[in-house]
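[1] take this sequence and fold it.
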Amino acid sequence: MLSDTDLAIQMQTRIQAWEKIADDRALFLKCYMLMTSNVVAGINQREFSDSSWVDALLRHFVEYYFGALQAYETDPASAPPAWQLAYQAAANPHMDAMRKLLAGVNAHINYDLALAVVDLLRPEWPLLSDGKRADRYADYCRINDIMGHTIDAVQDEVLDPAMPVMVIIDNLMGRVDEFMVEELLVHWRDNVWHHVIGLLAAADAQEQARLAHHFEQEALRMGHLICLGNPSGHKAQTG
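    Numbering: from 1, shown residues only. Presented below is the predicted three-dimensional model:
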């Protein structure tokens with residue numbers, strides 16, 4: 001298992017290599033590195049009920065990211081569909097940085113995260129008391145708070161350099177745009193927890209596979225909405 005330092009180096013090395021060739025997959029990874037760094041800081045500062053569990057989740061979650069990346073670089077068709085879409089978006093010169101970033105966030109949260117959380121909870125869930133299950137959920141939600149506090153840095157360090165017009169929007173809107181993104185991410189993570197509970201309650205492997213396929217398709221649908229510029233999922237007004 002990678003140490004915190006080794007993980008940061010692995011991410012930074014990949015970011016630098018991508019930036020040298022103007023590969024916009026760096027946008028998501030820069031955001032992810034910021035988020036990961038702040039969660040690690042929260043773990044080290046004992047901000048969670050069970051720091052060991054959160055640390056295990058963070059590292060297993062990272063494995064899903066690098067697993068999808070390796071699959072895509074080996075054979076694009078073998079990567080999860082939401083990641084295929086995200087990497088196609090990153091390579092699209094006509095797509096803005098915000099949508100490229102959100103396409104990656106969507107794939108990692110709405111698909112990878114549910115699988116990572118289920119992997120950790122499934123062996124222990126039947127044995128956990130109601131109180132301990134509540135602690136798991138509270139720690140999961142605490143990550144939402146850390147993500148929210150990181151969004152300003154993502155705006156300043158990732159999006160503004162890639163989209164100078166965002167500086168103007170940020171000056172005009174203050175915290176409104178960051179708040180909207182934070183609300184979207186919290187909504188996604190709430191949905192993921194709902195999917196996790198459904199998977200844990202599934203009666204058999206067939207039901208688990210059906211549910212996993214469903215949220216895989218939901219992540220793909222959301223990815224398409226992002227690429228169309230409509231991550232809220234609301235129908236566009238016509239007429």
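
[2] ok, then the element right after the helix or strand bottoming out on mean pLDDT in the chain?
    Lowest on mean pLDDT, DSSP states H and E among the helices and strands of the chain sits helix 165-173, with a mean of 40. On the C-terminal side of helix 165-173, the nearest following helix or strand under DSSP states H and E is helix 176-201.

[3] tell me what angle the very next helix or strand once past that following helix forms with helix 176-201.
    Next helix or strand after helix 176-201 toward the C-terminus (DSSP H and E): helix 205-227. Here helix 205-227 runs at 170 degrees with respect to helix 176-201, directions being taken by axes from the mean of the first three to the mean of the last three C-alpha atoms, to 10 degrees.

[4] and helix 205-227, what does it pack against?
    helix 81-90, helix 97-106, helix 114-121, helix 176-201 (3 or more C-beta pairs under 8 Å, 6 or more residues apart in numbering; DSSP states H and E). The C-beta positions use only the backbone N, C-alpha and C, and glycine is treated the same way.

[5] now tell me what touches it from outside.
    80-82, 85-86, 89, 95, 99, 102-103, 106-107, 110-111, 114-115, 188, 191-192, 195, 198-199, 202, 231-233 (C-beta atoms under 8 Å, 6 or more residues apart in numbering).

[6] make a PyMOL selection of the buried ones in those.
    Buried subset of the contacts of helix 205-227, written as a PyMOL selection, criterion 16 or more other C-beta atoms under 10 Å:
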select buried, resi 80+82+85+86+89+95+99+102+103+106+107+110+111+114+115+188+191+192+195+198+199+202+231
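
[7] and stretch 198-208, what's buried?
    Buried, per 16+ other C-beta under 10 Å, within stretch 198-208: 198-199, 202, 208.

[8] gap between the two ends of it?
    8 Å (C-alpha to C-alpha, to the nearest Å).

[9] and the helices and strands packed on helix 205-227: which comes nearest Asn38?
    Nearest to Asn38, of all the helices and strands packed on helix 205-227, is helix 176-201, at 13.5 Å by C-beta to C-beta.
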